[in-house]
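# what follows is a predicted structure for the sequence shown.
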2 protein chains.
Amino acid sequence: MECDHKTEHEGAARRALENMPPEEEVARVAATFKAISEPSRLKILFALRHGEMCVFHIVEAVGGAQSAVSHQLRLLKACGMVRSRRDGQNIVYSLSDEHVVAVLELACAHLHCKL
Amino acid sequence: MECDHKTEHEGAARRALENMPPEEEVARVAATFKAISEPSRLKILFALRHGEMCVFHIVEAVGGAQSAVSHQLRLLKACGMVRSRRDGQNIVYSLSDEHVVAVLELACAHLHCKL
DNA sequence: TCAATATATGAATAACTATTCATATATTAC
DNA sequence: GTAATATATGAATAGTTATTCATATATTGA
C-alpha cells in the first residue's frame, strides 16, 4: 500500500514518525491513564478528592467488596496516583498530588460533567 | 468492620458519599480515559498531535498491522477522541478537539515526559 | 466495467484484568 | 498473650479487550 503523497498531511506524518516517544515512555503514560480508566478506580479517586480517607470509608463511598477495593488501591498506589499512611488501626489514603486532581477536572470539563 | 470515627477524615468521607457522581457519569469518564490507556491507541494520538493523517501514515508512525490500527481508530472515533474525513482514496484522521491535546499534555507534565 | 488501492469489519483467539473467596498480617484493647 | 478489628494478598475465575486473519467495501484510473 502506498499513500497519495501529494496531500498536505505528508509533513505531519514525517514529524509524527520522528517525534514518537520511545516505547517505554508511551507505556508509562498509558499505564497512568489505565489507572483511572476503570469505574471502580475512578470512583476511588473521585472520593479522595474530598480529602484523605481510610479504607473503610472508601469502601462506603464507592461500594463493592473490601477485598476488591484493596486490590484497586494497590494498583493506584503502584502507579503513583495515591499515597497512604498508617493511622492506628486504619490506613489512610489520599491523592498523591495536584496533577491527579488536574487530570480529573480536565476530563470532566471535556465531558461537560460537574464533579 | 467499623472505622475510628474520631479521625479528621470523617467529614471527607461523608462529602465523598454525597457527591459521588451517578454510575452512568463515572462510566462515561472512565471510558474516555480507557481510550487513551492502551499504548497502541496512545501512539495514534501522539502521532495525530502533529497534524491530520491518513491511515497509511498512521500505520507507519505507530507500527503494527493495518487491521489492528483500523480497529483502534474505530474505538477512538466512537468515544469522540478523533474525527475522520474522506480525501479521495484515503481517510484522514485528526484529533477531535483541544481537550484531547490538553489531557495528553497534562499527563505528560505529570510524568515529566516531553512530547 | 475492471483492476488496483485504501480502509473497514466479522469472527476467532490470545492476552489481560477485575472480582471473589479464603486467609494472612498488623494494630489495638483487654 | 489473646481477641477483635482493619487492611492486604494469593489463587482461581470470569469478564473484557487487543490482535490476527480473511474478507468486504469504497474510491480511482483505465
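Nice, thanks for sending it over. Residues are numbered from 1 along each chain as shown, chains lettered A, B, ... in the order given.

# make it CA atoms for all contacts and neighbour counts henceforth
Noted.

# which stretches of chain A aren't confidently modelled?
By pLDDT under 70, the weakly predicted segments of chain A are A:1-8, A:110-115.

# please, where are all the helices along it?
Assignment of helices within chain A using DSSP state H yields the ranges A:10-19, A:23-35, A:39-48, A:55-62, A:66-78, A:98-111.

# can you lay out those helices as JSON lines showing mean neighbour count and distance to B:Ala31?
Formatted as JSON lines, these follow (neighbours: other CA atoms under 10 Å in any protein chain shown; distance: least, CA to CA, whole Å):
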{"stretch": "helix A:10-19", "mean neighbour count": "17", "distance to B:Ala31": "26"}
{"stretch": "helix A:23-35", "mean neighbour count": "19", "distance to B:Ala31": "10"}
{"stretch": "helix A:39-48", "mean neighbour count": "24", "distance to B:Ala31": "8"}
{"stretch": "helix A:55-62", "mean neighbour count": "21", "distance to B:Ala31": "18"}
{"stretch": "helix A:66-78", "mean neighbour count": "16", "distance to B:Ala31": "17"}
{"stretch": "helix A:98-111", "mean neighbour count": "17", "distance to B:Ala31": "11"}
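
# quick one: closest of the ones you listed to DNA strand C.
helix A:66-78 (3.7 Å; CA to the nearest atom of the strand).

# returning to that earlier point: take the helices of chain A and write them to JSON lines, including distance to chain B.
Compiled in JSON lines, the helices of chain A are given as follows (distance: least, CA to the nearest CA, whole Å):
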{"stretch": "helix A:10-19", "distance to chain B": "5"}
{"stretch": "helix A:23-35", "distance to chain B": "4"}
{"stretch": "helix A:39-48", "distance to chain B": "5"}
{"stretch": "helix A:55-62", "distance to chain B": "5"}
{"stretch": "helix A:66-78", "distance to chain B": "10"}
{"stretch": "helix A:98-111", "distance to chain B": "6"}
